[in-house]
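pasting a predicted model and its sequence here:
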Amino acid sequence: MKASMVAPNSYTFSFILKCFESFEAWKCGIAVHSEIVKMGFCSSVFVRNNLLNFYAKCGKSSGLAWRVFEEMTKRDVVSWNLMIGAYMEHGEIDCAMGLFDFMPERSIVTWNSVVSGLSKVGNTELARSVFEKMPEKNECAFCMFSFGFLGTWEVD
């Protein structure tokens, strides 16, 4: 694109960042992050969410994802969900739940993700507690809740 003098947009960076979803692609993602900063796309919530997702998936910890989240001047429900998911993925359940409790607005995706994440790590009591507090339960919530607990039951 640079050679052809075609200017990238926020979608360009999002598609490129999705290509780097392993730690091996770390340096490429850092280079893209640098281009995002140089070209002034840091104010886009959409681009920032994709950066957050990149660091959450490729980083060995949630630290850089948190840094992107913390630097965001605007956050949407997707930003919060991504950060909670990053904490869950890295086993930082207390941080995830702290963010969940502090979150200004939750979607059904938020609730489902938290129940699923807690079930995956075997914290069935907290998963049940969150599930029971859900203001709205859909089929997805019931499935995740059921399968999460079925996966933790021991069969004689």
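The structure has been received and is ready for your questions.

only C-alpha atoms for contact and neighbour calcs from this point on.
OK.

what residue is smack in the middle of the chain?
residue 82 (1.9 Å; CA atoms, centre = their mean).

how about the contacts made by it?
Neighbouring residues of residue 82 by CA atoms under 8 Å, 6 or more residues apart in numbering: 49, 52-53, 56.

which one of the residues you listed is nearest residue 67?
residue 52 (8.6 Å; CA to CA).

what's the burial count for that closest one?
23 (other CA atoms under 10 Å).

equivalent analysis for residue 18, please.
Counted with other CA under 10 Å, residue 18 comes out at 15.

was I right to think it contacts residue 55?
No - counting by CA atoms under 8 Å, residue 18 does not reach residue 55; the two are 10.9 Å apart.

next, the contact list for residue 94, please.
Applying CA under 8 Å, 6+ apart, no residues contact residue 94.

secondary structure element holding it?
helix 93-102 (DSSP states H and E).

follow-up on the earlier one: what secondary structure does the residue nearest to the centre of the chain sit in?
helix (DSSP: H, G, I helix; E, B strand; the rest coil).

how much space between it and residue 35?
Distance, residue 82 to residue 35, using CA to CA, to the nearest Å: 22 Å.

does residue 137 sit in a helix, a strand or a coil?
coil.

once you drop chain neighbours, what's closest to it?
residue 108 (7.7 Å; CA to CA, 6 or more residues apart in numbering).

where exactly do the helices run in this protein?
10-18, 26-38, 45-58, 63-71, 77-89, 93-102, 108-120, 124-133, 139-150 (DSSP state H).

could you check the angle the fourth one makes with helix 77-89?
Spelled out, it's helix 63-71. 150 degrees (axes from the mean of the first three to the mean of the last three CA atoms, to 10 degrees).

what helices or strands is helix 63-71 leaning on?
helix 45-58, helix 77-89 (3 or more CA pairs under 8 Å, 6 or more residues apart in numbering; DSSP states H and E).
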